[in-house]
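**Q** Structure for this input, please:
(one chain, ligands or ions: 1)
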Amino acid sequence: VPTVIFETSSELAKYVASVVADLVRSKNEAGVPTILGLPTGSTPLGVYRELIRLHNEEQLDFSNVITFNLDEYWPMDPDSIHSYHKFMHENFFDHVNVKPENIHIPRGDIAAEEVDSFCEEYERSIEKVGGLDLQLLGIGRSGHIGFNEPGSARNSLTRLVNLDPVTRRDAASGFFGEDNVPHHAITMGVGSILSAKKIIIMALGEHKASVVKRAAEAEVTDEVSASFLQTHTNSLFAVDSAAAAELT
Ligand code: F6R
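**A** Numbering: from 1, shown residues only. Down below sits the predicted model:
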């Protein structure tokens, strides 16, 4: 996977935001919507901050942007402080002009017996708008992209999954303890992600260095979902120097 290394997280954020902005501007000029796949977590926060700045100061127009978030905990009330709905609205959507009807986030509040049909519908709504133009990703220490934990198949689609113990431990501080972290999530699959025309995977910090190496340079294996990006023809690793420390 081609890799770009940045000295600081803010340089990385500026670069990734500029890729998003260039895409949105060219689609806007062509009069067609931009379809974005979006992550939550700490890694993309700087990108969202920079996109908000570009909206406020450089008139970057999101009115023809359609978004699909990767994942949401299940069960999870969208109004909960822990939900990815809350996260996305607080950190991005409340500050730009994406139309509410163009925002898609897996629902954590659907009944168990409706989850399968919800997931099929999520896939269909991505297809209906012509697929993702650009998917942004973080990477978990379990090697996950979205919440595709070890063992996820390359062709997996949106579905209900069990969270890896490593993932639940990493989420514990936000939930006032590991016991409160949900055991399940609804996530886009590895296959849903790899269908995107372009993918940028981001990693910040030394705690990501070993998984970045395994994803970018070791064998392609379902033990590290992010390693499947090696099979995508237009994917890019954007990392800071700490996360790049183990790359050869
Ligand atoms: C979040 C997501 C996850 C995170 C990953 C890294 O929507 O899909 O794969 O990107 O867990 O999280 P941070 O950025 O908090 O280290």
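**Q** Need the per-residue pLDDT for His55.
**A** Listed pLDDT for His55 reads 99.
**Q** these two touch, right, it and Val98?
**A** No. Between His55 and Val98 there is no contact under Cβ atoms under 8 Å: 9.7 Å. The C-beta positions use only the backbone N, C-alpha and C, and glycine is treated the same way.
**Q** number of nearby residues for Phe168?
**A** Small correction: residue 168 is Arg, not Phe. Counted with other Cβ atoms under 10 Å, residues neighbouring Arg168 total 18.
**Q** Report the set of residues contacting both of His55 and Val98.
**A** Common contact partners of His55 and Val98 (Cβ atoms under 8 Å, 6 or more residues apart in numbering): Phe62.
**Q** ok now do the closest residue to the ligand within the chain, which residues does it touch?
**A** Nearest to the ligand in the chain, going by Cβ to the nearest ligand atom, is Gly138, at a distance of 2.4 Å. Neighbouring residues of Gly138 by Cβ under 8 Å, 6+ apart: 39, 41-44, 145, 201-203.
**Q** The longest helix along the chain - contacts with which helices or strands?
**A** Longest helix in the chain, counting residues (DSSP state H): helix 9-30. Judged by 3 or more Cβ pairs under 8 Å, 6 or more residues apart in numbering; DSSP states H and E, helix 9-30 is in contact with strand 3-6, strand 34-38, helix 45-58, strand 134-137, strand 198-203, strand 235-240.
**Q** For the residue nearest the centre of the chain, which residues are in contact?
**A** Nearest to the mean C-alpha position of the chain, by Cα atoms, centre = their mean, lies Pro39 at 2.5 Å. Counting by Cβ under 8 Å, 6+ apart, Pro39 touches 69-70, 136-138, 146.
**Q** element containing Pro78, please.
**A** If you go by DSSP states H and E, Pro78 is not part of any helix or strand.
**Q** The chain should start at 800 in everything you say after this.
**A** Yes, from this point I'll number from 800; that puts the last item at Pro877.
**Q** Skipping adjacent residues, who's closest to it in space?
**A** Nearest residue to Pro877, sequence neighbours excluded (Cβ to Cβ, 6 or more residues apart in numbering): His884, at 4.0 Å.
**Q** Tell me the buried residues in the one helix or strand that neighbour maps to?
**A** For His884, the enclosing helix or strand under DSSP H and E is helix 883-890. For helix 883-890, burial by neighbour count (16 or more other Cβ atoms under 10 Å) applies to 883-888, 890.
**Q** Return the residues of this structure in contact with the ligand.
**A** For the chain, the contact set with the ligand under Cβ under 6 Å from any ligand atom comprises 838-842, 869-870, 937-939, 943-946.
**Q** Any chance of TSV for the residues you listed, columns secondary structure and pLDDT?
**A** TSV is the format used below for the residues of the chain next to the ligand (DSSP: H, G, I helix; E, B strand; the rest coil; pLDDT from 0 to 100):
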residue	secondary structure	pLDDT
Pro838	coil	99
Thr839	coil	98
Gly840	coil	98
Ser841	coil	98
Thr842	coil	98
Leu869	coil	99
Asp870	strand	99
Gly937	coil	99
Ile938	coil	98
Gly939	coil	98
His943	coil	98
Ile944	coil	98
Gly945	coil	98
Phe946	coil	98
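**Q** Would you enumerate the residues in contact with Phe805?
**A** By Cβ under 8 Å, 6+ apart, the neighbours of Phe805 are 811, 814, 1037-1040.
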